[in-house]
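**Q** Return a 3D structure for these sequence lines:
(one chain, ligands or ions: 1)
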Amino acid sequence: MKIGVISADSASESRVALTPDAVKKLRKLGFEVVIQSGAGQAAYYADELYQSAGADIANSSTEVVNQSQIITTVNDLPMTVTEHLTAGQIVIGMLDPYRNAQLDTYAAKGATAFAMELLPRTLSRAQNMDVLSSQANLAGYKAVLLAANEYSRPFPMFMTSAGTVKPAKVVILGVGVAGLQAIATAKRLGAVVEASDLRPAAKEQVESLGGKWLDVPMSEDEAQKAKATGGYAWTPSEQYIKDQAAVVDKALSNADIVITTAQIPGRNAPRLVHAATLAKMKAGSVLIDMAAGTGGNVEGSIPDETITTANGVRIVGAANIPSQLAAQSSDLYANNLVNFITTLIAPAATDAANTLALNLDMNDEIQGALAVTHDNQVRLAKR
Ligand code: NAI
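**A** Numbers count the residues shown, from 1 in each chain. From the prediction side, this is the model:
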């Protein structure tokens, strides 16, 4: 059974779905692998490394699609590739399912498309397939470095003969996987860190990393709701949004660096920083909006652009930070994919002819959750 790797078709994507190491693992399992020439180049994986790992190189995406039973990709497939899919082929990637305009095409072609973002995250056997966590962890780290680079002062406190340098004040809004890593990284660089999230459970995590929790008042009703969502974001009331804006406004008036990470799967990111707050921030302060690609947490942020407001505040629209750590994020993403692909093989692993047999099972809690098209049907529940 052959697995193909399609090259990303966007200049802002440097990751590759499978690395040479992942190819070796898949070869050991009995798969053949074909890579579109140059697919790993931007992540520093040259064609020769794939060849040494046992992969074939194809000159075009069409060649990869024509040869492969399973097609791996970082983001959604380019339309020019989707049109060559045939019935029974499997596509695995971060397909951005709720905004994906190609699901009908995948279904019409008879392909089974697995969107890795839909993984049930609390399932312990699925944790080594969790692409959102593997990528967000790296992104949280890098966001702090991007901020440090944009900021015209240092992060740590220095006592020098020329005077004392105060530590940078960093505020993190949204304390999921990326936010926690951002807190840890900013603390390691010597910053003073404050953080907030609408999940009360995040308070303890923030404090255990040495951050100060920014508390937003919550009604009894909302506290119950927050508990009932099992640790995921809940829909805040108008009152909560107003109170949160006041807390954010006060914290940001004193902040040097702000990193926003709040996302809601399947919906636009919540607006957490408004123009009125930006107007009160210090000249030279820096905001990294990690949700810039899904609507933005910061008013006025533009994906993949850095803008400076009239009062000298820099807003970085960081739409795809993992791509800036392409070698490492590809390694972890590829490991996630190999772990998932392993579950697609029949328990007996091989059939009599010693070829791998696929074991597609929509009743399986992982496959069933990830499959957005199967049997000519779109299976994605509306949000
Ligand atoms: P995310 O990337 O979807 O969002 C980042 C953070 O923003 C989340 O903590 C979310 O609560 C927060 N947020 C969303 N809307 C907000 C708003 N209006 N105001 C303030 N904060 C807001 O989050 P991520 O990193 O994907 O994690 C989501 C959840 O999944 C978390 O509860 C996390 O602990 C959980 N998780 C569980 C895992 C496991 O059990 N193995 C693995 C990874 C994550």
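**Q** who's in contact with the closest residue to the ligand within the chain?
**A** Closest residue of the chain to the ligand, Cβ to the nearest ligand atom: Gly176 (2.2 Å). To be clear about C-beta, it is placed using only N, CA and C from the backbone, and glycine gets the same treatment. Counting by Cβ atoms under 8 Å, 6 or more residues apart in numbering, Gly176 touches Ala136, Asp197, Thr261, Gln263.
**Q** likewise Met159?
**A** Met159 touches Val165, counting by Cβ under 8 Å, 6+ apart.
**Q** how far does the helix or strand hosting it sit from the chain's center?
**A** Mapping Met159 onto the secondary structure by DSSP states H and E places it in strand 158-160. Remark: strand 158-160 is offset 38 Å from the chain centroid, using Cα atoms, centre = their mean, to the nearest Å.
**Q** Partner strands of that strand and their direction?
**A** strand 163-165 (antiparallel) (DSSP bridges).
**Q** List the strands paired with the helix or strand following the strand it pairs with, with their directions.
**A** Next along the chain after strand 163-165, taking DSSP H and E as the criterion, comes strand 169-173. If you go by DSSP bridges, strand 169-173 pairs up with strand 192-196 (parallel), strand 257-260 (parallel).
**Q** Out of the ones you listed, which one sits most buried?
**A** Across the strands paired with strand 169-173, averaging neighbours per residue (mean count of other Cβ atoms under 10 Å) puts strand 257-260 on top, at a mean of 29.
**Q** what sits up against the helix or strand just after it?
**A** Later in the chain than strand 257-260, the nearest helix or strand by DSSP H and E is helix 275-278. The contact list for helix 275-278 (Cβ under 8 Å, 6+ apart) reads 245, 248-249, 252-253, 287, 298-300, 309, 311, 313, 315.
**Q** Is it possible to mark the buried ones in those residues?
**A** With burial judged by 16 or more other Cβ atoms under 10 Å, the buried subset of the contacts of helix 275-278 is Ala245, Val248, Asp249, Leu252, Leu287, Val298, Glu299, Gly300, Thr309, Val313, Ile315.
**Q** I'd like those as a markdown table, with distance to the ligand appended.
**A** What follows is the buried ones among the contacts of helix 275-278, written out as a markdown table (distance: Cβ to the nearest ligand atom, whole Å):
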| residue | distance to the ligand |
| --- | --- |
| Ala245 | 10 |
| Val248 | 9 |
| Asp249 | 14 |
| Leu252 | 14 |
| Leu287 | 15 |
| Val298 | 13 |
| Glu299 | 14 |
| Gly300 | 18 |
| Thr309 | 22 |
| Val313 | 20 |
| Ile315 | 18 |
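**Q** So which of these sit within helices?
**A** Members of the buried ones among the contacts of helix 275-278 lying in helices (criterion: DSSP state H): Ala245, Val248, Asp249, Leu252.
**Q** part of a helix, is Ile35?
**A** No. Ile35: not assigned to a helix; according to DSSP: H, G, I helix; E, B strand; the rest coil it is strand.
**Q** where exactly do the helices run in this protein?
**A** Counting by DSSP H, the helices of the chain are 20-29, 47-52, 61-67, 79-82, 103-109, 131-150, 177-188, 202-208, 220-228, 238-253, 275-278, 326-342, 365-370.
**Q** ok, how many other residues are close to the nearest residue to Tyr44 once chain neighbours are set aside?
**A** Distances taken as Cβ to Cβ, 6 or more residues apart in numbering put Ala327 closest to Tyr44, at 5.1 Å, once the chain neighbours are dropped. By other Cβ atoms under 10 Å, the residues close to Ala327 number 15.
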